[in-house]
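Q: Sequence first, then the predicted structure:
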Amino acid sequence: MSRTSFTLYFGLYLGRQIKRSNTVNNKNFLRDHSHELNSALKTIDFCVILITLGISLALRGISPNASLLLTGALAAALFLFIASNRRLYTSWRMGTIYQEISEIWIAWSLTFTLLITLAFLFKVTADYSRIATTLWFFLAPIALSLLRIAVRSGLRQLRGYRRDLKRAVIVGAGPLGCRLADVLGSDHGSGIEIQALYDDKKPMGNQLITPEGRALTVAGDLAQMVKDVTAQRIEIVYFALPMQEEGRILESIEHLHDTPASIYVVPDLFIAELAEARWGRIGELPMVALFEEPF
């Protein structure tokens with residue numbers, strides 16, 4: 001079986017297994033076990049790095065020893081630390097696979113740079129095969145990237161069964177909010193369902209038609225949105241308001257801080273200076289992630 005076929009079959013298997021768990025327990029498996037799954041993904045990444053080191057050594061006919069295994073463990077630990085700080089292990093529900101794979105290669109390149117620096121400092125570069133090291137440099141991120149593709153294939157299949165869906169609302173019924181609704185509505189693989197729009201300047205019940213013909217209803221003002229997020233267990237809130245609404249946005253965010261909802265701003269620039277904010281994209285639109293769950 002080719003590597004590509006294995007990746008696709010693994011993705012399909014993952015989707016079926018989680019779908020089966022959802023059916024039996026009548027729960028959202030990923031949401032209920034997001035932190036455990038995130039830890040499992042880190043553990044798998046750790047093992048993949050060690051396995052690819054073993055493969056690289058085997059291709060050169062080198063037997064692994066304690067020093068090489070220690071180097072592999074150190075590389076895996078450094079990768080997890082760097083990747084975590086670069087937000088690789090946060091939600092990629094709205095990011096592209098190319099962005100995720102790019103983060104893998106960046107984190108691995110930084111890891112390798114640190115390893116080589118340490119090897120020079122301790123004068124142990126002669127203890128390592130340059131060819132095996134080069135093979136490892138390419139094999140590890142390729143394997144990690146294939147793993148991400150397999151996971152995404154499984155999640156896409158899962159969402160095709162209407163599992164692992166997230167309910168979202170958009171704050172802002174202007175042109176930006178309507179455009180955002182179109183972008184999210186066209187990305188079926190994200191598993192995000194827009195429930196309603198909220199806006200202080202449009203009456204409740206007002207019907208809007210987006211540029212792509214989607215019909216949306218204004219469900220109330222920002223105060224109503226805060227109540228609905230808590231009462232209806234809305235999981236994602238997108239703020240798509242003009243910059244002059246900064247005060248209302250910050251007030252609403254303060255009220256939402258104790259809810260489990262992930263909060264995104266599209267694309268007000270003042271948020272960029274907030275602690276732990278992360279820039280990302282939804283299709284062609286920029287956004288800022290304030291709080292989010294791993295899966």
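A: Thanks, I have it.

Q: drop to CA atoms for contacts and neighbour counts, all remaining ones
A: Will do.

Q: Where do the strands of this protein begin and end?
A: 166-171, 192-198, 207-209, 215-217, 236-239, 262-265, 278-282, 285-291 (DSSP state E).

Q: Nearest to Ser102, out of the ones you listed?
A: Taking C-alpha to C-alpha, strand 278-282 is the member of the strands of the chain nearest to Ser102, at 13.3 Å.

Q: returning to what we had before: single out the most deeply packed of the strands of the chain.
A: strand 236-239 (a mean of 24; mean count of other C-alpha atoms under 10 Å).

Q: Below-threshold pLDDT in this protein: ranges please.
A: Within the chain, the stretches with pLDDT under 70 are 1-33, 94, 159-164, 188-189, 267-280, 283-286, 288, 290-295.

Q: So which residues of it form helices?
A: In the chain, the helices defined using DSSP state H lie at 3-25, 29-32, 34-59, 66-85, 97-121, 130-160, 175-186, 222-231, 246-256.

Q: wait, which of the ones you listed is closest to Glu193?
A: helix 175-186 (7.4 Å).

Q: Need the nearest residue in space to Phe46, chain neighbours excluded.
A: Ala76 (5.1 Å; C-alpha to C-alpha, 6 or more residues apart in numbering).

Q: Let me have the strands of the chain in a markdown table, adding distance to Val226 as columns.
A: Shown next, in a markdown table, are the strands of the chain (distance: least, C-alpha to C-alpha, whole Å):
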| stretch | distance to Val226 |
| --- | --- |
| strand 166-171 | 10 |
| strand 192-198 | 10 |
| strand 207-209 | 21 |
| strand 215-217 | 17 |
| strand 236-239 | 10 |
| strand 262-265 | 12 |
| strand 278-282 | 23 |
| strand 285-291 | 16 |
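
Q: Mind putting the helices of the chain into JSON lines with mean neighbour count?
A: Shown next, in JSON lines, are the helices of the chain (neighbours: other C-alpha atoms under 10 Å):
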{"stretch": "helix 3-25", "mean neighbour count": "16"}
{"stretch": "helix 29-32", "mean neighbour count": "16"}
{"stretch": "helix 34-59", "mean neighbour count": "18"}
{"stretch": "helix 66-85", "mean neighbour count": "17"}
{"stretch": "helix 97-121", "mean neighbour count": "16"}
{"stretch": "helix 130-160", "mean neighbour count": "19"}
{"stretch": "helix 175-186", "mean neighbour count": "19"}
{"stretch": "helix 222-231", "mean neighbour count": "16"}
{"stretch": "helix 246-256", "mean neighbour count": "15"}
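
Q: if we compare those, which one ends up closest to Met287?
A: That would be helix 175-186 among these, by C-alpha to C-alpha, at 10.4 Å.

Q: Distance from that closest one to the middle of the chain?
A: Distance of helix 175-186 from its chain centroid, counting by C-alpha atoms, centre = their mean, to the nearest Å, is 20 Å.

Q: Next up, the contacts around the closest residue to Leu53 other than its chain neighbours.
A: Leaving aside its chain neighbours, Leu53 sits nearest to Trp136 (5.6 Å; criterion: C-alpha to C-alpha, 6+ apart). Applying C-alpha atoms under 8 Å, 6 or more residues apart in numbering to Trp136 gives the contacts Thr52, Leu53, Ser56.

Q: Looking at these, spot the one nearest Ile116.
A: Leu53 (15.1 Å).

Q: I'd like the distance between the closest one and Asn65.
A: Here Leu53 is placed at a distance of 12 Å from Asn65 (C-alpha to C-alpha, to the nearest Å).

Q: on that earlier part again, hmm, Lys42 and the residue nearest to Phe46 touching each other?
A: No. Judged on C-alpha atoms under 8 Å, Ala76 makes no contact with Lys42 at a distance of 9.6 Å.

Q: Can I get the contacts of Trp136 in JSON lines including distance to Leu110?
A: Shown next, in JSON lines, are the contacts of Trp136 (distance: C-alpha to C-alpha, whole Å):
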{"residue": "Thr52", "distance to Leu110": "18"}
{"residue": "Leu53", "distance to Leu110": "17"}
{"residue": "Ser56", "distance to Leu110": "20"}
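
Q: Kindly indicate which of the residues you listed lies nearest Ile209.
A: The closest of the contacts of Trp136, once distances to Ile209 are taken by C-alpha to C-alpha, is Thr52, at 51.9 Å.

Q: quick one, what contacts that closest one?
A: Residues near Thr52 by C-alpha under 8 Å, 6+ apart: Trp136, Leu139, Ala140, Ala143.

Q: Which one of those is nearest to Val124?
A: For the contacts of Thr52, the minimum distance to Val124 (C-alpha to C-alpha) is 17.5 Å, reached by Trp136.
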